[in-house]
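Visitor: only the shape, not the letters, is given here:
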């Protein structure tokens, strides 16, 4: 190999990258001759790092390591190795468009040059001989273009990191909500079973009956709110569902008043209620409508001075229920009336009674009323003139009937049920309730105890908690299913975990059904009846006396 002149060698040494230089920012040079390459290196302006490649294969290898641009002679383009270079360039990431400077021979365009333009992408042709300034200008332009690509790469990397952070945060949020829902459902289950037991007993007086009805209604409300908490993504998408059935709107308004009463009383406000004494029946979702009117009452209280007045009225006009919530509070300015139902809309925080919040309450009110086929509008004469929100709900039934309280659970068919739960409060209250409803019940507080009890108790069905320590419900189910003796045994997951993936996992573990706590007793009864109707052993057991002692 011919030695480079001293000046060219020093220039090459200055411009040759070391370990501290980012390899992505190199100009890779494959000139017609080694001398041409060294001369080009010596001419590179400050800030541009060059690296000489002795062959096309070496150039291809260096491109894979990273480059800002390529300076290549036409003579090399015609060789077979250029196909590999074209393959690498074709597989660049979306942000990358590697500049390729081709030093062409003088004269007409060759076929090799045309092929390079077609396959190498971002190609600039420089016909030899060319002025040094022209070459350096082309190099600077290519490197600057590559720098802008690296900026885009950085933006994309930042975006991907942000998206990943959001994905992780969303995943953690879902995990938190699922865990929170599980922890909330665990105490709700024995509370519901206890209230149903009270309803089955002879309560001493009407006050006790009334208190149990109120607690049960509010407990059901809380259960629905926990369900919504676990499906917060539906709320974000505006896909809240409603469960339509005949409901008494007057009873709903009274429940909303009970919900808002602590806030109103704390502000020493006077609430005037003017609603019909009798029932007003419409088709709607009692829990959702309670949310609507409780939100409106809470809103009126928050923006009304201490000692102020709130009016709740309802009339029926042409089979449309018209409900008004009016106050003498701070009022709403004309400009805000147009946006008061917008998400995150807040009234003027300079008002003394204005309280913090996310500003989603009225948006939710409008969405829920619209889902019931109704409308809601706001009115105010301005600052300190109070405000009024009017809800119109169509479809008042001509034969309005009173909305009954939750019916007393019906009796179960003759059956044996094994309740498995490490939460003794939940297991014991469910045991008492099912026993009161006519079932024969055994209780196990762990997985191993459940497996032992199954063989001695021979249940028709097992209500099996999943989140037990040691041997969880999934493992218990798999062990039960591994025995041919229990192939017809009804396995029901009873758990606080109610996400879609939880249901899929319980199905894979061998469960027949998946119920969330607190269980729907009517649904449980229907499952048992259906199972016994199609199971020969179930029909035989209905005809045979139950010889197992009450646990």
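Guide: Perfect, thanks for sending it. Here the structure is a predicted model, which is why all the values come from computation and not from measurement.
Visitor: where does the closest residue to residue 85 other than its chain neighbours land on pLDDT?
Guide: For residue 85, the nearest residue in space outside its immediate sequence neighbours is residue 60; the separation is 5.2 Å by CB to CB, 6 or more residues apart in numbering. Any C-beta I mention is one placed from the backbone N, CA and C, and that applies to glycine too. Residue 60 is assigned a pLDDT of 90 by the prediction.
Visitor: what's the spacing between residue 60 and residue 44?
Guide: From residue 60 over to residue 44 the distance is 22 Å, taken as CB to CB, to the nearest Å.
Visitor: residue 211: helix or strand, and which one exactly?
Guide: Under DSSP states H and E, the secondary-structure element containing residue 211 is helix 206-230.
Visitor: show me what that helix is packed against.
Guide: Applying 3 or more CB pairs under 8 Å, 6 or more residues apart in numbering; DSSP states H and E, one finds that helix 206-230 contacts helix 132-200, helix 249-266, helix 286-302.
Visitor: repeat that for 7 Å
Guide: Applying 3 or more CB pairs under 7 Å, 6 or more residues apart in numbering; DSSP states H and E, one finds that helix 206-230 contacts helix 132-200, helix 286-302.
Visitor: centre of the chain to that helix, how far?
Guide: With CA atoms, centre = their mean, to the nearest Å as the basis, helix 206-230 stands 26 Å off its chain's centre.
Visitor: do the same with stretch 40-58
Guide: 52 Å.
Visitor: can you check the pLDDT for the nearest residue to residue 316 once chain neighbours are set aside?
Guide: Spatial nearest neighbour of residue 316, excluding adjacent residues (CB to CB, 6+ apart): residue 396 at 5.4 Å. Looking at residue 396, its pLDDT stands at 85.
Visitor: same deal with residue 57?
Guide: Note for residue 57: predicted pLDDT of 89.
Visitor: then residue 349?
Guide: 40.
Visitor: assumed residue 434 was part of a strand.
Guide: No: the assignment for residue 434 is helix, going by DSSP: H, G, I helix; E, B strand; the rest coil, so no strand is present there.
Visitor: touching, it and residue 441? I think so.
Guide: Yes: taking CB atoms under 7 Å as the definition, residue 434 is a contact partner of residue 441 at 5.0 Å.
Visitor: between these two, what contacts are shared?
Guide: For the pair residue 434 and residue 441, residues contacting each of them under the criterion CB atoms under 7 Å, 6 or more residues apart in numbering are residue 417.
Visitor: hang on, residue 71 in a strand?
Guide: Yes: with the criterion set as three-state DSSP, the secondary structure at residue 71 is a strand.
Visitor: if we can go back for a sec, how close does the residue nearest to residue 316 sit to residue 292?
Guide: Taken as CB to CB, the spacing of residue 396 relative to residue 292 amounts to 16 Å.
Visitor: higher neighbour count, these two?
Guide: A direct count of neighbours by other CB atoms under 10 Å for residue 396 and residue 292 places residue 292 higher, at 28 against 18.
Visitor: isn't the more buried one right up against residue 366?
Guide: No: the pair residue 292 and residue 366 fails to qualify as a contact (CB under 7 Å) at a distance of 9.2 Å.
Visitor: re earlier: which helix or strand contains the residue nearest to residue 85?
Guide: When elements are defined using DSSP H and E, residue 60 is found to belong to helix 56-65.
Visitor: ok now that helix, how far from the chain's centre?
Guide: Here helix 56-65 is found 46 Å from its chain centre; the criterion is CA atoms, centre = their mean.
Visitor: what angle separates that helix from strand 69-73?
Guide: 170 degrees (axes from the mean of the first three to the mean of the last three CA atoms, to 10 degrees).
Visitor: quick check, pLDDT for residue 361.
Guide: Reported pLDDT at residue 361 in the predicted model: 67.
Visitor: specify the beta-bridge partners of residue 378.
Guide: For residue 378, the residues forming beta bridges with it (DSSP bridges) are residue 389.
Visitor: which residues does it contact?
Guide: 332, 337, 340, 387, 389.
Visitor: among those residues, which lie within helices?
Guide: Helix and strand membership here follows DSSP state H; of the contacts of residue 378, those in helices are residue 337.
Visitor: which stretches of the stretch 451-551 of the chain form strands?
Guide: In order along the chain, the stretch 451-551 of the chain carries the following strands (DSSP state E, counting those that start in this stretch): 461-464, 490-495, 513-516.
Visitor: for the ones you listed, give me JSON lines that also has mean neighbour count.
Guide: Formatted as JSON lines, the entries for the strands of the stretch 451-551 of the chain read as follows, by neighbours: other CB atoms under 10 Å:
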{"stretch": "strand 461-464", "mean neighbour count": "26"}
{"stretch": "strand 490-495", "mean neighbour count": "25"}
{"stretch": "strand 513-516", "mean neighbour count": "20"}
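Visitor: do you know which of the ones you listed lies nearest residue 213?
Guide: Relative to residue 213, the nearest member of these by CB to CB is strand 513-516, separated by 23.5 Å.
Visitor: quick one: mean pLDDT for that closest one?
Guide: Regarding strand 513-516, the rounded mean pLDDT is 90.
Visitor: neighbouring strands - and their directions - for it?
Guide: Applying DSSP bridges, strand 513-516 is found paired with strand 490-495 (parallel).
Visitor: residues in contact with the partner strand?
Guide: Contacts of strand 490-495 with the rest of the structure, by CB under 7 Å, 6+ apart, involve 460-467, 473, 477, 480, 506, 510-517, 519, 527, 531.
Visitor: ok, back up a step: pipe the strands of the stretch 451-551 of the chain into JSON lines and attach distance to residue 102 per row.
Guide: What follows is the strands of the stretch 451-551 of the chain, written out as JSON lines (distance: least, CB to CB, whole Å):
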{"stretch": "strand 461-464", "distance to residue 102": "73"}
{"stretch": "strand 490-495", "distance to residue 102": "68"}
{"stretch": "strand 513-516", "distance to residue 102": "66"}
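Visitor: thank you, goodbye.
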